[in-house]
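Visitor: what's the 3D shape of this:
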Amino acid sequence: MLKQLLAFAFLILISVYCFSQSDSTAKFNLSGYLETYYSYDFLKPTTTPKPDYNYNYKNHNQVSVNLAFVKASYASKKVRSNLSLMVGDYPKYNLSTEPGWAKPLFEANVGYKPFLQQNIWIDAGVMPSHIGFESAIGGDCYNLTRSILAENSPYYESGIKVSYTAPQENLYIAFLVLNGWQKIEMIGQNFTPSVGVQINYKAAKNLTLNYSNFIGNVNLDPTKALRTFHNLYAIYEATERSSFIFGFDIGTQKSKQTRTAIWYTPVIISKIKLNSKYTIAGRVEYYHDKTGIIIPTATLNGYQTFGVSINYDYQISPKMLWRAELKRYASKDRIFKYAQHQENHTAATMAFIVRL
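Guide: Purely as a prediction, here's the structure:
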């Protein structure tokens, strides 16, 4: 079914543009994104990718592409659609379990607005995740690399979304029926859809509050487990030049053979704009997954890791950005699987971003 839906999204992009010229608001747009990087791991891995429990910026001591995509989008009063194809480390490692036909898909969705007077949309296909304040597009994030929180929750999702935006644009509510936890392809004949909700509220001019969740079965060989996940964050723009993100995720998982397991992760991120070209940002985070539900380590204390990072950005031009980051992890166990297992991990990364 999803293959036909993706083909439909592509046809919508082309045919709607060709045959809806009577709508003066209709717009067709082509864009692109390129993020190259160089990362140096101070533990000096002898193999690629780096064994660091991340899914981006995986290569050590070589220039690579983390994400590059081209995107075609269409928007009118009642119809919208996006089709975006990608390459790089991000699809290689984040979509490694997807079938070959799905791995290049960054976005493939179509939306319909049933009522012109109400800002309600019904979207279907492959979409960015409704969970979290970070995306796969590094140039949109405060930090160069993603948080542990973002790396281990969905970047993308597939299914159907019904969303509503209030007239004042201070409230956004969405309800989703999904194929699963970061999943494009439906698996098995006994497939049970997952559900999710997002509520985003701009409480004040400088304060945004968000709650998102996920409830659904995840396939564990040879059983299924019920996973619930809650994502909360606040974005506070303290001044014109400084802003903060406070995030907290908590999840549970239960199967017939196991007790209910819990993992959680708090994170604080700050960003200071020095001037129109230079920005610094820092992050402090902790990830607690003792039972290894999300990040299995096969160690006594599982994944219990503190992380700190600082990055420096230089906006070369409106469409070109250079970034540098130093990041360090400190774990309770020797989880980083190098020649000798280590409990600490440090990496320096540079990235060059171009938007087209």
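
Visitor: List the neighbouring strands of the helix or strand where residue 111 lies plus their orientation.
Guide: Residue 111 belongs to strand 105-112 when assigned by DSSP states H and E. According to DSSP bridges, strand 105-112 has the following sheet partners: strand 79-87 (antiparallel), strand 120-128 (antiparallel).

Visitor: I'd like these laid out as CSV, including mean pLDDT, distance to residue 61 and mean neighbour count.
Guide: Glycine gets a C-beta too; all of them are placed from N, C-alpha and C. Putting the strands paired with strand 105-112 into CSV (pLDDT from 0 to 100; distance: least, CB to CB, whole Å; neighbours: other CB atoms under 10 Å) gives the following:
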stretch, mean pLDDT, distance to residue 61, mean neighbour count
strand 79-87, 97, 21, 21
strand 120-128, 98, 31, 19
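
Visitor: Tabulate those strands (a markdown table), appending distance to residue 140.
Guide: Formatted as a markdown table, the strands paired with strand 105-112 follow (distance: least, CB to CB, whole Å):
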| stretch | distance to residue 140 |
| --- | --- |
| strand 79-87 | 14 |
| strand 120-128 | 10 |
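
Visitor: Which of these sits closest to residue 154?
Guide: strand 120-128 (9.2 Å; CB to CB).

Visitor: got the contact list for stretch 137-144?
Guide: Outside stretch 137-144, the residues that touch it by CB atoms under 8 Å, 6 or more residues apart in numbering are 33, 35, 56, 66-67, 134-135, 145-146, 243, 245, 269-271, 281, 283, 309, 311, 321, 323-325, 349, 351, 353, 355.

Visitor: What mean pLDDT does stretch 94-108 get?
Guide: For stretch 94-108, mean pLDDT rounds to 95.

Visitor: thinking again about what came up before, looking at the strands paired with strand 105-112, which is nearest to residue 316?
Guide: strand 79-87 (23.1 Å).

Visitor: so how far is that closest one from its chain's centroid?
Guide: How far strand 79-87 lies from its chain's middle: 16 Å, per CA atoms, centre = their mean, to the nearest Å.

Visitor: Which secondary structure elements does the following helix or strand past it sit against?
Guide: Once the chain leaves strand 79-87, the next helix or strand it forms, by DSSP H and E, is helix 89-94. Applying 3 or more CB pairs under 8 Å, 6 or more residues apart in numbering; DSSP states H and E, we find helix 89-94 packed against strand 63-75.

Visitor: in this protein, what spans have low per-residue confidence?
Guide: For the chain, the stretches with pLDDT under 70 are 1-24, 188-189, 220-222.

Visitor: Chain neighbours aside, what residue packs nearest to the spatially most central residue of the chain?
Guide: Centroid check for the chain by CA atoms, centre = their mean gives residue 155 as the closest residue, at 2.9 Å. Leaving aside its sequence neighbours, residue 155 sits nearest to residue 136 (CB to CB, 6 or more residues apart in numbering; 4.9 Å).

Visitor: mind listing what the one you found touches?
Guide: With contact taken as CB under 8 Å, 6+ apart, residue 136 is in contact with 56, 67, 90, 94, 106, 128, 155, 156.

Visitor: Unless I misread the structure, it falls within a strand.
Guide: No. Using DSSP: H, G, I helix; E, B strand; the rest coil, the assignment for residue 136 is coil, not a strand.

Visitor: picking up where we left off before, how about a markdown table for the contacts of residue 136, with distance to residue 112 added?
Guide: Output for those, formatted as a markdown table (distance: CB to CB, whole Å):
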| residue | distance to residue 112 |
| --- | --- |
| 56 | 33 |
| 67 | 29 |
| 90 | 29 |
| 94 | 28 |
| 106 | 21 |
| 128 | 18 |
| 155 | 25 |
| 156 | 21 |
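
Visitor: Which residues are in contact with the nearest residue to residue 71 once chain neighbours are set aside?
Guide: Leaving out its chain neighbours, the residue that sits closest to residue 71 by CB to CB, 6+ apart is residue 84, at 3.9 Å. Neighbouring residues of residue 84 by CB under 8 Å, 6+ apart: 69, 70, 71, 72, 105, 106, 107, 108.

Visitor: Find the helix or strand that residue 339 is a member of.
Guide: Judged by DSSP H and E, residue 339 forms part of no helix or strand.

Visitor: Kindly apply the preceding question to residue 254 instead.
Guide: Assessed by DSSP H and E, residue 254 sits inside strand 242-255.
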